[in-house]
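> Output the structure for:
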Amino acid sequence: MLEGHDVPPDVLTGVVHWLRKGGQNPADRLDVLRSMALKGSTYCWKDGCTVVGHLKDFRVCPQCKTARYCGKACQAQDWVTGGHKDTCGGWHITK
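Below you'll find the model as predicted:
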């Protein structure tokens, strides 16, 4: 039923279980998830950014290591006007 999906069997078993438990058709949902993974998604933390790509291509904030940005411009703008400056300090322990 799920041929063509390049997901490890043990992961696939768990995903199928939870999709069925949630009342969804696993084959349909996996097609959607696979399509999204292949084309990428919007991972930039800056509100309004519509850049689509793969997670590995987005820059990680060097301080909190949580926020991701498509480039320096979005990172700088989010730091100043997006509020990341206010929340970033809370992610790491101060000495």
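> can we go C-alpha only for contacts and neighbour counts from here?
OK.
> next SSE after the lowest-mean-pLDDT helix or strand in the chain?
The helix or strand of the chain with the poorest confidence is helix 26-39; it has a mean of 77 (mean pLDDT, DSSP states H and E). Reading on from helix 26-39 to the C-terminus, the next helix or strand found by DSSP states H and E is strand 59-60.
> picking up where we left off before, give me the helices and strands touching the least confident helix or strand of the chain, please.
In terms of contacts (3 or more C-alpha pairs under 8 Å, 6 or more residues apart in numbering; DSSP states H and E), helix 26-39 is packed against helix 9-21.
> gap between the helix it packs on and the chain center?
In terms of C-alpha atoms, centre = their mean, to the nearest Å, the centre of helix 9-21 is found 20 Å from the chain centre.
> Kindly export that helix (C-alpha atoms) in PDB.
The C-alpha trace of helix 9-21 is given here as PDB (Å, rounded to 0.1, in the frame of the first residue of the first chain):
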ATOM      1  CA  PRO A   9      10.400   0.500   8.000                       C
ATOM      2  CA  ASP A  10      10.500   1.100  11.800                       C
ATOM      3  CA  VAL A  11       9.700   4.700  11.400                       C
ATOM      4  CA  LEU A  12       7.000   4.000   8.800                       C
ATOM      5  CA  THR A  13       5.300   1.500  11.100                       C
ATOM      6  CA  GLY A  14       5.000   4.100  13.800                       C
ATOM      7  CA  VAL A  15       3.800   6.800  11.500                       C
ATOM      8  CA  VAL A  16       1.200   4.500  10.000                       C
ATOM      9  CA  HIS A  17       0.000   3.500  13.400                       C
ATOM     10  CA  TRP A  18      -0.500   7.200  14.600                       C
ATOM     11  CA  LEU A  19      -2.100   8.300  11.300                       C
ATOM     12  CA  ARG A  20      -4.700   5.500  11.500                       C
ATOM     13  CA  LYS A  21      -5.300   6.200  15.200                       C
END
